[in-house]
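Novice: Predicted coordinates and the sequence they were generated for:
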Amino acid sequence: MKKILKKYCSVIMILVMVMSMFPPVYSTAAKNAGLKKKTVTLKIGGKSKIKIKNKKKKRTYKFKSNKPKIASVSKSGTITAKKKGKAVITVREVYRKNGRKTNKRIGTVKVSVKTKQPSPTNRPLPTNPPSPTPTAVPTPPNGTITDWKTPFDYIFPLPGISYGVFKEESYFSNFTQSTKKCNVLLPANYTENKKYPVLYLLHGYNQAYDTWVRDGQIDYIIGNLIAKGDAKEMIVVIPDVRTIENEQEGDAASPHTIEEYDNFIYDLEGSLMPFIEGHYSVSTKRADTAIAGLSMGGKESLLIGFRKLNRFGYIGAFSSAPGLGSRDLSVKAGEELPRLVLVCVGTEDDLIGFSEQYHQNLTDNNIPHLWYTMPGGHDYSVWKNGLYNFAKRIFK
């Protein structure tokens, strides 16, 4: 037995000596790409960036949500929470290996979207309903406009006045996952050396980004006001309001739905405004940002303006379409009042009752606003008048 043990010990010592003569060999295989975080909890309107560890050069990463109406994801991997629920984002790595395209699934991110809950520490409970009237500085104008009439030549080019120019732009919409268009009206003598206020001007139902340009004479209306000193120099952006989620070829010709217009809020804040702010010299201040529109665009301007009071200081609605309730036209405790809200409609308009109801909602909710009616139907005679009276009062 002792001889056997001695023999085994000798063998082990020899092996140890041999191994010590060679350095350890470490694996040089590259680590696979993976997800740093596989679960995300967001409140509605919240955003989160998907982070990938061990990313490889010359490889692209694609993201797809199984429920984009609950949580959408951009091409760069930014998740946007839209409504309460759960969604799963699949992440894939795309590359070429041996001349062949490889599409490899590297994982999923589970997203839970919760509704926003008001914080009891930030929102004092009202002692008596209704909620206390919010305050703002300066005090917004309030009442009925009686001097709504325009100069007879306000929509015509006048001698000695330089007018702005339109530029048609294309931008990628993270919401539709397609390219959308807009028109941008730059003021005469536009320069990158100053920051301009910006007005987002929305079209109506079954119209497009070029309708205001073709039928509204907005370059003359705005240009004449600026030349006479009645309005500040501004940039006007006329977008395509209809917004189809994950748009496919042929969708543009399909029947329009109300939801496709309500979706514009996501495209506006998530894609269009960043594009404009990145390509033009515009101020991003609330006091320098306005939104207005006609018919369906008027309804969307009210909806967006009151939902995004932190972004828009001025809201204009000309002959608004139906679809809003009293709660849509209210300001929560702690929020700042709009600097200006203007609502107008023609007395012969078949939809006059909806503008009248919005006027009453604003009054009941203690929201200062300007209101007027004028002769006219559901047409540009009223809408151009509304733009004139709105543009001369904003950014002041």
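Specialist: Nice, I can see it.
Novice: Now residue 36: closest residue in space, sequence neighbours ignored.
Specialist: residue 51 (4.2 Å; C-beta to C-beta, 6 or more residues apart in numbering). In this view, the C-beta of every residue, glycine as well, is placed from N, C-alpha and C.
Novice: wait, I meant residue 372
Specialist: Per C-beta to C-beta, 6+ apart, closest to residue 372 is residue 145, 4.0 Å.
Novice: Just the pLDDT at that neighbour, thanks.
Specialist: Note on residue 145: pLDDT of 93.
Novice: what residues are up against it?
Specialist: Under the criterion of C-beta atoms under 8 Å, 6 or more residues apart in numbering, the neighbours of residue 145 are 342, 344, 370, 371, 372, 389.
Novice: Now the fifth one: which helix or strand?
Specialist: Put plainly, it is residue 372. Assigned by DSSP states H and E, residue 372 belongs to strand 370-374.
Novice: ok, back up a step: residue 37 is in contact with the residue nearest to residue 36, correct?
Specialist: Yes - here residue 51 reaches residue 37: they are 6.4 Å apart, a contact under C-beta atoms under 8 Å.
Novice: avg pLDDT for the strand holding residue 372?
Specialist: 97.
Novice: Identify the farthest-apart pair in the contacts of residue 145.
Specialist: The largest separation in the contacts of residue 145, counting by C-beta to C-beta, is between 371 and 389 at 11.0 Å.
Novice: Count residues in the vicinity of the nearest residue to residue 63 once chain neighbours are set aside, would you?
Specialist: Leaving aside its sequence neighbours, residue 63 sits nearest to residue 73 (C-beta to C-beta, 6+ apart; 4.4 Å). When neighbours are counted by other C-beta atoms under 10 Å, residue 73 registers 25.
Novice: what bridges to residue 73?
Specialist: Counting by DSSP bridges, residue 73 forms beta bridges with residue 79.
Novice: residues contacting it?
Specialist: So residue 73 contacts 50, 63, 64, 65, 79, 80, 89 (C-beta under 8 Å, 6+ apart).
Novice: Starting from the strand holding residue 372, tell me which strands it pairs with and how they run.
Specialist: Counting by DSSP bridges, strand 370-374 is paired with strand 143-144 (parallel), strand 340-346 (parallel).
Novice: contacting residues around the residue nearest to residue 36?
Specialist: With C-beta under 8 Å, 6+ apart, residue 51 has these contacts: 35, 36, 37, 77.
Novice: swap in residue 263?
Specialist: Contacts of residue 263 by C-beta under 8 Å, 6+ apart are 175, 243, 244, 245.
Novice: at 10 Å instead, please
Specialist: 69, 82, 173, 175, 176, 241, 242, 243, 244, 245, 257, 300 (C-beta atoms under 10 Å, 6 or more residues apart in numbering).
Novice: one step back: next, show the common contact partners of residue 371 and residue 389.
Specialist: Taking C-beta under 10 Å, 6+ apart as the contact rule, residue 371 and residue 389 both touch 145, 342, 344.
Novice: hang on, isn't residue 267 packed against residue 239?
Specialist: Yes - with contact defined as C-beta atoms under 10 Å, residue 267 and residue 239 form a contacting pair (7.8 Å).
Novice: Next one: the residue nearest to residue 372 relative to residue 297, how far apart?
Specialist: To residue 297, residue 145 is 20 Å away according to C-beta to C-beta, to the nearest Å.
Novice: All the strands of the stretch 201-350 of the chain, in order from the start?
Specialist: 235-239, 289-294, 314-318, 340-346 (DSSP state E, counting those that start in this stretch).
Novice: about what we covered before: quick one: which of the shared contacts of residue 371 and residue 389 is nearest to residue 101?
Specialist: Closest approach between the shared contacts of residue 371 and residue 389 and residue 101, by C-beta to C-beta: residue 342, at 54.9 Å.
Novice: Make sure the closest one is actually in contact with residue 369.
Specialist: Yes - between residue 342 and residue 369 there is a contact at 6.9 Å, judged by C-beta under 10 Å.
Novice: Mind listing the shared neighbours of those two?
Specialist: Common neighbours of residue 342 and residue 369 (C-beta under 10 Å, 6+ apart) are 141, 315, 317.
Novice: and the helix or strand hosting residue 169, how far from the chain's centre?
Specialist: Using DSSP H and E, residue 169 falls within strand 165-173. Put simply, strand 165-173 sits 16 Å off its chain's centre (C-alpha atoms, centre = their mean, to the nearest Å).
Novice: Show me this protein divided up by domain.
Specialist: Following automatic domain parsing, one gets these domains for the chain: 34-114, 143-391.
Novice: Can you say which of these is packed in most?
Specialist: Comparing these by mean neighbour count (mean count of other C-beta atoms under 10 Å), domain 143-391 comes out on top with a mean of 19.
Novice: start to end distance for that one?
Specialist: Start-to-end span of domain 143-391 (C-alpha to C-alpha, to the nearest Å) is 17 Å.
Novice: next one: stretch 324-335
Specialist: By C-alpha to C-alpha, one end of stretch 324-335 lies 20 Å from the other end.
Novice: For beta bridges, what are the partners of residue 201?
Specialist: Note on residue 201: beta-bridge partners by DSSP bridges are residue 292.
Novice: Pretty sure residue 218 is one of the things it touches, is it not?
Specialist: Yes - between residue 201 and residue 218 there is a contact at 7.0 Å, judged by C-beta under 10 Å.
Novice: which ones are touching the residue nearest the centre of the chain?
Specialist: By C-alpha atoms, centre = their mean, the chain has its centre lying nearest to residue 269, at 1.6 Å. Counting by C-beta under 10 Å, 6+ apart, residue 269 makes contact with 45, 80, 175, 304, 307, 308, 311.
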